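any chance you can model this:
(chains A, B, C and D)
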2 protein chains.
Amino acid sequence: MKKKSIKDIAQDLGLSKTTVSFVLNNKGDEKNISSKTQKRVLDYIREVNYQPNQIAKSLKKGNTNTIGYLVPDISNPFFAKIGRLLEDHFWEKGYHLLIGSTDENKDKEEQVLNMFVNRQVDALIVASCFIQGDSIKSLLAANFPLVFFDREDPDVEANYILVENKISMKNAVEKSIQNGARKLGLISLTPDVYSLKNRIEGYKMALINKDIGFDQDLIRIVDNNDLKQGTERELRKLIELGVDTIVFTNNQIAVIAIWLMNTFYKDKVNSIKFVSFDNVDQFDYSLPKVISVAQPIDKIAKYSTEIIEDILNSKKSENKRIELTPKLIERK
Amino acid sequence: MKKKSIKDIAQDLGLSKTTVSFVLNNKGDEKNISSKTQKRVLDYIREVNYQPNQIAKSLKKGNTNTIGYLVPDISNPFFAKIGRLLEDHFWEKGYHLLIGSTDENKDKEEQVLNMFVNRQVDALIVASCFIQGDSIKSLLAANFPLVFFDREDPDVEANYILVENKISMKNAVEKSIQNGARKLGLISLTPDVYSLKNRIEGYKMALINKDIGFDQDLIRIVDNNDLKQGTERELRKLIELGVDTIVFTNNQIAVIAIWLMNTFYKDKVNSIKFVSFDNVDQFDYSLPKVISVAQPIDKIAKYSTEIIEDILNSKKSENKRIELTPKLIERK
DNA sequence: TAATTTTACTAAATCGGTTTACTAAATCGG
DNA sequence: CCGATTTAGTAAACCGATTTAGTAAAATTA
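Below you'll find the model as predicted:
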């Protein structure tokens, strides 16, 4: 038995599509459809388990009840968890998540954004690697509902949900210095995006502030395309240089480094300390000990949802820039 | 400037929609559109950056180039990683992923499936908590392209990508007995699905096989809705009962248990050993030591993709049941 | 009772594409 | 040079919903 369309329903009941559509959309009373007819329709659609074709609906209405979620890597726990929270929030409002990972690749990002737009997503939640890209520019120009999180480009006016990158990193690093750190190296992904730049800034500020002074040679950059090998190389370098503490600007590299330490530098897992932006569960019980800056994942998701909903309900407001305060987690 | 439709393009160029559509779909030659006209169209769409409306396309063609990915929790690394691999595989073929998490809840699963179907996803990849649900039944009856993974219901004929649950668990447990385990407890989610049942079976087989015999009291079940507290309670119980090894039927509970051990039973992290189905990175360096059964995530994704693609290209084949061999990972 | 309003419902346009069935003009074969 | 074929294109139907603009009959009002 093929799926019934509104036309079939109408035919079966000897009514017009219009009438059926009105009833289905709860406009029966408003449109003066007799309650007898309404009941007839409702009973019948229940009987045949009528399911409206959302595609047709979307075409006519111009909206799809879909939100595009664009991140560097959906399997990164940070993005996965936010994704899950977004899914839950939006589920209640009848919106669903279409996902796309970019691997920090600008071209891929362009393509995914284009795909999202062609599929008429109603809004976008984006941790972009290149906020000045063409697609993003034209979306912003067109006032498309769009929220950036995690990454910022101060030259671009938009909705941002961020955390206090600089000050939090500064606090974390200062804490580790209070705990005895004296020679602190840093490993970061290429700081294409301001968030990472600011985290590195925070690291520098802490060192200067605490009269340690910073050494450019202790700041090591790992290319996105060469994560594992790059991290291994830079970690080795820093260990050779005799650091007692290593600072990471995001969870991804920190997790790899923990694995490397436990695999190749087992003798040093107690002497070397880590500081990391982002928090992952395993920091709680892994070595080296990690001081981490935990981003308020639930708030990030909550505010993203709220801003998007406000826009969609066309309480069209000014661009918002929300800066959340992360939690400093020190272990033992 | 509003987005141009095919109608606009046609009007601007003094052509018919048909002609433009033919050119856009590379049917220019086949449909005898002169190369001059073809060039004119192609140049113009480039100039105005024409983007086809995928919704309209979908409505007419009856397919959306979307795959529904339904799992208990997209933020579980196991499902997140498979999701990522699927995303990559399908990206190349022009398909995209719509996601839905069920939290092992049958009603939610029904609803998400309905949503997927109404949105006309072209196929589904599902780790279902209830393979006998109404939606699934009608999808199967309608021969909808559908692959189950991770979970099985032997009463339901369908495509399955599974791993050898029983034998792998048996091997893992036997290995731990060889290493000295004598009193082995087990903690599992409610074994609603056969995969979990089989893993528990494997555990029992190993015990019997190695002449330890199993004690029903050492098999502890945690409710899905009460994961953290439940695991804490059952872990405490097993420790009180004096087990030297705890077996987990999936990563979720194992990870929680590691945290609990490091937080509340620090003195026992070396004396108690873990065995876990599923592998997560942190097992490599966390305590208690874990013998884990690593599911071949890449193969799961690869075969799912292949089966779906075969069906979509209507090399409509018989239902397949693929059982993959996991890798036993023993540490130190 | 005639004019007006309300009730109950429908025909047709629309969203933006694809596809079928057609036509007029140009070219070809004999 | 005439009929057949090819070339180059178009009009209109269609996918499945929503929505606008309407109509005929019944009820109300003056």
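
skip the chain neighbours and tell me the closest residue to A:Gly213.
Spatial nearest neighbour of A:Gly213, chain neighbours left out: A:Leu207 (6.2 Å); criterion: CB to CB, 6 or more residues apart in numbering or on different chains. The C-beta positions use only the backbone N, C-alpha and C, and glycine is treated the same way.

need the contact list for that neighbour.
A:Val173, A:Ile177, A:Leu184, A:Gly213, A:Phe214 (CB atoms under 8 Å, 6 or more residues apart in numbering or on different chains).

show me which pair in these is furthest apart.
Distance extremes for the contacts of A:Leu207: the farthest pair is A:Val173 and A:Gly213 at 13.1 Å, using CB to CB.

and stretch A:181-199, what's its mean pLDDT?
Mean pLDDT, computed over stretch A:181-199, is 90.

and the helices in the stretch 201-332 of chain A?
Per DSSP state H, counting those that start in this stretch, the stretch 201-332 of chain A carries helices over the ranges A:227-240, A:251-264, A:297-312.

how about the second one: buried residues?
Spelled out, that is helix A:251-264. A:Asn251, A:Gln252, A:Ile253, A:Ala254, A:Val255, A:Ile256, A:Ala257, A:Ile258, A:Trp259, A:Leu260, A:Met261, A:Asn262 (16 or more other CB atoms under 10 Å in any protein chain shown).

measure the third one to B:Ala141 for me?
Separation of A:Ile253 from B:Ala141 (CB to CB, to the nearest Å) stands at 49 Å.

quote the end-to-end distance of stretch A:320-332.
38 Å (CA to CA, to the nearest Å).

need the residues that contact that stretch.
A:159-164, A:168, A:171-172, A:175, A:179, A:279, A:283-284, A:289-296, A:299-300, A:303, A:307.

list the buried ones in it?
Result for stretch A:320-332 [16+ other CB under 10 Å]: buried residues A:Ile322, A:Leu324, A:Pro326, A:Leu328.

tell me the phi and psi of the third one?
When you say that, I think you mean A:Pro326. Backbone geometry at A:Pro326, expressed as degrees, to the nearest 10, gives phi -80, psi 170.

which residues in the stretch 51-200 of chain A form strands?
Along the stretch 51-200 of chain A, the stretches classed as strands by DSSP state E, counting those that start in this stretch are A:66-71, A:96-101, A:123-126, A:146-149, A:159-163, A:184-189.

got a list of what the residue in chain A that DNA strand D sits nearest to touches?
The nearest approach of chain A to DNA strand D comes at A:Ser5, 2.8 Å away (CB to the nearest atom of the strand). By CB under 8 Å, 6+ apart, A:Ser5 lies in contact with A:Asn53.

if we go to 10 Å?
For A:Ser5, the contact set (CB atoms under 10 Å, 6 or more residues apart in numbering or on different chains) comprises A:Gln11, A:Lys17, A:Val20, A:Tyr50, A:Gln51, A:Pro52, A:Asn53, A:Ala56.

any of these buried? List them.
Buried among these by 16+ other CB under 10 Å: A:Val20, A:Tyr50, A:Asn53, A:Ala56.

and those residues near chain B, which?
A:Asn53, A:Ala56 (CB under 10 Å from any CB of the partner chain).

count of residues packed around A:Lys210?
Look at A:Lys210: counted by other CB atoms under 10 Å in any protein chain shown, it has 17 neighbours.

now do A:Arg236
13.

correct me if wrong: it contacts A:Phe264.
Yes - using CB atoms under 10 Å, A:Arg236 makes contact with A:Phe264 at a distance of 8.2 Å.

about what we covered before: quick one: which of the strands of the stretch 51-200 of chain A is nearest B:Lys93?
Nearest of those (CB to CB): strand A:96-101, 14.6 Å.
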